[in-house]
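**Student:** got a predicted structure here, sequence first:
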There are 2 protein chains.
Amino acid sequence: MSSNFQWYIKKQWGLSEEDTLKLQNFYEKRSLEKGEVLLQIEEFSNEYYFVESGLLKSYSYSSNGKEHILQFAPENWLIGDLGSIHLKERSSFYVEAIEDSLVCIFNESFFDELSKLCANFRERNEALLHKHVRHLNHRINLLLGASAEERYVDFLKLYPNLSKRVPLRLIASYLGITPESLSRVRKKIAHKEF
Amino acid sequence: MSSNFQWYIKKQWGLSEEDTLKLQNFYEKRSLEKGEVLLQIEEFSNEYYFVESGLLKSYSYSSNGKEHILQFAPENWLIGDLGSIHLKERSSFYVEAIEDSLVCIFNESFFDELSKLCANFRERNEALLHKHVRHLNHRINLLLGASAEERYVDFLKLYPNLSKRVPLRLIASYLGITPESLSRVRKKIAHKEF
DNA sequence: ATTGTGCATTGACCTATGGTAAGAAGTGAA
DNA sequence: TTCACTTCTTACCATAGGTCAATGCACAAT
């Protein structure tokens, strides 16, 4: 039986069926209940997560105690504080399950093994990082200038289907507005779309 | 005569005096006048810049035509679209001189050479990227929840001295507010600080 | 000196979004 | 079923920040 993760490894890193199977010893699966916290902020951790099924979020709190969501991770997404792994620093955010989920957990030894099996691991890995930086820059641009409505539309593009699965207040927290405002935005948009 | 860049290379990459000199053939210096554009958006470029003296900015425009500043780069800072270099894509922002400046320009061949001279080039390079991602996440957090005043105070920490050199409207564009609002924030802060 | 240009400040007003509170609708447990 | 709980919506008012316009200031060009 083949998992999403195995499919992802093959596709993303161009591994053979055989090599993909070799990696099985370097990660473990874990099922999570809704609300379970995988990664605490300020924690020394070297784990990284692939979402087999379910939905996770990464978030932190600002000085006034409000939760800010950095990222959602539905099926087939990766999530975790890679920076803390490589920089040997404390993690800079939480990771928590929004739904009952199944995740694959792995750490540096997985990457080490992968780099042996994948000839151009470094390049691909670096490219992924650069793409992530691009995405963050895009988000910063939106936060600098776009209205709540524009940001919501952008969210819908980035995470299709998620608008139905995720509680409104979490989307609002991702957009940097209140749930009430988001509710108004949705009302306004309802006339345009569909 | 030793340049800031040579000092930076030695310190950042732990090279010997000799190796540092070898790299001289892999970058060139260029002087810029205020307002000169080093990198156009949507351009295929593989250049990266180190600021010897002066001040640069990277920026793009949002849908409503407003300029958004992604980063300032005073002396001894690096700037450029690394992502576009590695991903072979068009650049996602402009780079322009705010003051008359002197920059060191280099490209992949410089990195190639550096990776030969620096044993743990990959690790250090990756660590730099991760630090950058952390910084971007921090900025996103501020934009999600902090007031204009809080963001301005954060700006002052990140870029000490810059508040005197940079036109107010550019700082405002970095913070995502109008020059008028920033002026009011500064007025308010003036009572507290100093 | 005069004019012009760009920038910072200020004030008056406006708008998007926040804050609060209340109710409606859905969900799950006993 | 009822109760408790959460989510979403709506209404009303408050506020941070935006918009526009006027002023003043510094500096460059003539």
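**Tutor:** Arrived safely.
**Student:** please enumerate the strands of chain A.
**Tutor:** A:27-32, A:37-39, A:48-53, A:56-61, A:67-73, A:78-79, A:94-97, A:101-106 (DSSP state E).
**Student:** quick one: closest of those to residue A:149.
**Tutor:** strand A:67-73 (18.4 Å; Cβ to Cβ). C-beta here means a position set from N, CA and C on the backbone, and glycine is covered the same way.
**Student:** establish whether that closest one and chain B are in contact.
**Tutor:** Yes. Remark: strand A:67-73 sits within contact range of chain B at A:68, A:70, by Cβ under 8 Å from any Cβ of the partner chain.
**Student:** how about that strand, does it get close to DNA strand D?
**Tutor:** No. Residues of strand A:67-73 contacting DNA strand D under Cβ under 7 Å from any atom of the strand: none, with a closest distance of 11.9 Å.
**Student:** pairing partners for that strand, with directions?
**Tutor:** Strand pairing for strand A:67-73, determined by DSSP bridges: strand A:56-61 (antiparallel).
**Student:** report the angle between the partner strand and strand A:48-53.
**Tutor:** Interaxial angle of strand A:56-61 relative to strand A:48-53 (axes from the mean of the first three to the mean of the last three Cα atoms, to 10 degrees): 130 degrees.
**Student:** near DNA strand D, which residues of chain A? Just list them.
**Tutor:** A:167, A:168, A:169, A:179, A:180, A:182, A:183, A:184, A:186, A:187.
**Student:** same thing but 10 Å
**Tutor:** Contact residues of chain A with respect to DNA strand D, defined by Cβ under 10 Å from any atom of the strand, are listed as A:98, A:144-145, A:147, A:163-172, A:178-188, A:190.
**Student:** and the residues you listed, which are buried?
**Tutor:** In the residues of chain A next to DNA strand D, burial by neighbour count holds for A:98, A:144, A:145, A:166, A:170, A:171, A:172, A:182, A:185, counting by 16 or more other Cβ atoms under 10 Å in any protein chain shown.
**Student:** so how far is residue A:133 from the second one?
**Tutor:** This points to residue A:144. 16 Å (Cβ to Cβ, to the nearest Å).
**Student:** and residue A:43, what does it touch?
**Tutor:** A:90, A:91 (Cβ atoms under 8 Å, 6 or more residues apart in numbering or on different chains).
**Student:** separation between it and residue A:93?
**Tutor:** Counting by Cβ to Cβ - residue A:43 and residue A:93 are separated by 10 Å.
**Student:** what's the answer for residue A:54, then?
**Tutor:** With Cβ to Cβ as the criterion, residue A:54 and residue A:93 are 18 Å apart.
**Student:** between those two, which is the more surrounded one?
**Tutor:** residue A:93 (25 against 20; other Cβ atoms under 10 Å in any protein chain shown).
**Student:** list the residues that contact whichever residue of chain A sits closest to DNA strand D.
**Tutor:** Per Cβ to the nearest atom of the strand, residue A:168 is where chain A lies closest to DNA strand D, at 2.8 Å. Residue A:168 makes contact with A:179, A:182, A:183, according to Cβ under 8 Å, 6+ apart.
**Student:** now the biggest helix by length in chain A: buried residues?
**Tutor:** In chain A, taking DSSP state H as the definition, the longest helix is helix A:121-145. Residues of helix A:121-145 classed as buried by neighbour count (16+ other Cβ under 10 Å): A:121, A:125-126, A:129-130, A:132-134, A:136-137, A:139-145.
**Student:** spell out which residues of chain A are next to DNA strand C.
**Tutor:** A:64, A:66, A:146-152, A:172-173, A:175-185, A:188.
**Student:** among those residues, which ones lie close to chain B?
**Tutor:** A:64, A:66, A:146, A:150, A:173, A:176.
**Student:** picking that back up, and the longest helix of chain A, how far out from the chain's middle?
**Tutor:** 13 Å (Cα atoms, centre = their mean, to the nearest Å).
**Student:** likewise stretch A:20-30?
**Tutor:** In terms of Cα atoms, centre = their mean, the centre of stretch A:20-30 is found 20 Å from the chain centre.
**Student:** let me know the average pLDDT across that stretch.
**Tutor:** Regarding stretch A:20-30, the rounded mean pLDDT is 94.
**Student:** in that stretch, what's buried?
**Tutor:** For stretch A:20-30, using 16+ other Cβ under 10 Å, the buried residues are A:20, A:23, A:27.
**Student:** tell me which two of the ones next to chain B among the residues of chain A next to DNA strand C sit farthest apart.
**Tutor:** Taking Cβ to Cβ, the two most distant members of these are A:64 and A:150; they sit 24.4 Å apart.
**Student:** is stretch A:95-105 up against chain B anywhere?
**Tutor:** No. Judged by Cβ under 8 Å from any Cβ, stretch A:95-105 makes no contact with chain B; its nearest approach is 13.2 Å.
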